[in-house]
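> Fold the stuff below for me.
(chains A, B, C and D)
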Protein chains: 2
Amino acid sequence: MEQNQKPELQQSWSKDSERVVSLFKAIHKVYRDYLYKKSRQYGFTGPQIGLIMGLHKNPFSTLNELSECLGLSKSTVSGIVDRLVSQGVVIREIPESNRRIVRLSLSPEWQKNNAIQELMNNYIYDTLKNASAEEMERIILGLEILYSLISKSES
Amino acid sequence: MEQNQKPELQQSWSKDSERVVSLFKAIHKVYRDYLYKKSRQYGFTGPQIGLIMGLHKNPFSTLNELSECLGLSKSTVSGIVDRLVSQGVVIREIPESNRRIVRLSLSPEWQKNNAIQELMNNYIYDTLKNASAEEMERIILGLEILYSLISKSES
DNA sequence: TTCCAAATGTACGCATACGAACAATTCTTA
DNA sequence: TAAGAATTGTTCGTATGCGTACATTTGGAA
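Numbers count the residues shown, from 1 in each chain, chains lettered A, B, ... in the order given. Model prediction:
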């Protein structure tokens, strides 16, 4: 790839880069605020809801698995689990077969709680329910391109 | 908008939604890690670099202005400023004309520090320098559609 | 002019979020 | 089998990040 482009091109390309970053940040902020507001209705924070959903989808995960699934560090997940355990939502269990790992699960009351179902149905979809198929396609295409570009740059 | 769609459509639409969220999270993580690594080379964190860049672009901003410019709450920015002041990078000043506001600036050494220039040139652009014009266009289009959708949903 | 509202920034408590260091356990290998 | 390496979680320190409450100052209205 050529580093030194013509000034005009460099200029417009810089502006495009800035626009990408600025748009991305704006979307992230709106999404984050939205999740927090929704989660508060159930008495949780956004990350807590994410963890509950992760456990609902993959019951009896280990902390390590959950950490990778959520894209968060182990120490972060450990802290979130701490607070959910103290609230009686999540159960920590050390299996006899392997006393090194921790098996996590939702407590019985929360496994069959309808609020969780409702919440999972609304969690992601509300935001994008107004999108047409074509819009959705373009959104995904753009994100895929961006992801492939950003993943490759190892500088 | 129709809430109850045909099951098959609902299914694929749900999957698309999940894909959008999952892609977005993945990009955010890569970008965040990248920024932290880059910033560490200069002895700062990501948000600190962001604030320094903001101050470089709009010198002598107030905390309120900076807060809006960065999309962060005032209390958050106040904390970041605290740490940069104690490092001697940022200067807090209460003008006589209006003793309610705080005028922020980069300390002289940092205003003319070439590292800042270099950093600003590399900050955003490294990530996207491999993108073609067409790819860039598609990325921006996708983000714009997503942003307009997500901004409108006021539920 | 005096009182009240608005604006501005800080202090505080809580919940992420990370890496590094650590402890406990299990696996490997010599 | 016994020493060391690898895996798994927790703990700790630091830095965000937010909302609420607060103090200070400024502006406006009666």
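> Look at the closest residue to chain B within chain A and say how many residues are nearby.
Here chain A gets closest to chain B at one residue, residue A:142, 2.1 Å apart by CB to the nearest CB. C-beta coordinates here come from the backbone N, C-alpha and C atoms, glycine included. Other residues lying near residue A:142 total 25 when counted by other CB atoms under 10 Å in any protein chain shown.
> pLDDT value on the spatially closest residue to it that is not a sequence neighbour, please?
Nearest non-adjacent residue to residue A:142, counting by CB to CB, 6 or more residues apart in numbering or on different chains: residue B:142, 2.1 Å away. You'll see residue B:142 listed with a pLDDT of 96.
> State the helix or strand in which residue B:142 lies.
For residue B:142, the element it lies in under DSSP states H and E is helix B:133-152.
> what about residue A:132, distance to DNA strand C?
31 Å (CB to the nearest atom of the strand, to the nearest Å).
> Kindly report the same for residue A:141.
Counting by CB to the nearest atom of the strand, the gap from residue A:141 to DNA strand C is 26 Å.
> For burial, what's the neighbour tally of that residue?
So residue A:141, with other CB under 10 Å, has 15 neighbours.
> do residue A:55 as well
Residues within reach of residue A:55, counting by other CB under 10 Å, total 24.
> what do you get for residue A:111?
Neighbour tally, residue A:111, other CB under 10 Å: 12.
> Please give me every residue in contact with it.
By CB atoms under 8 Å, 6 or more residues apart in numbering or on different chains, the contact list for residue A:111 reads A:56, A:59, A:105.
> and with 10 Å instead?
A:55-56, A:59, A:105 (CB atoms under 10 Å, 6 or more residues apart in numbering or on different chains).
> do the strand or helix carrying residue A:54 and chain B meet?
Secondary structure from DSSP H and E places residue A:54 in helix A:46-57. Yes. Judged by CB under 10 Å from any CB of the partner chain, helix A:46-57 and chain B are in contact via residue A:50.
> residues in contact with the helix or strand just after that helix?
Heading C-terminal from helix A:46-57, the first helix or strand you meet, by DSSP H and E, is helix A:63-70. If you take CB under 10 Å, 6+ apart as the criterion, helix A:63-70 is touched by A:47, A:50-51, A:53-55, A:57-58, A:61-62, A:72-78, A:80-81, A:92, A:101-104, B:25.
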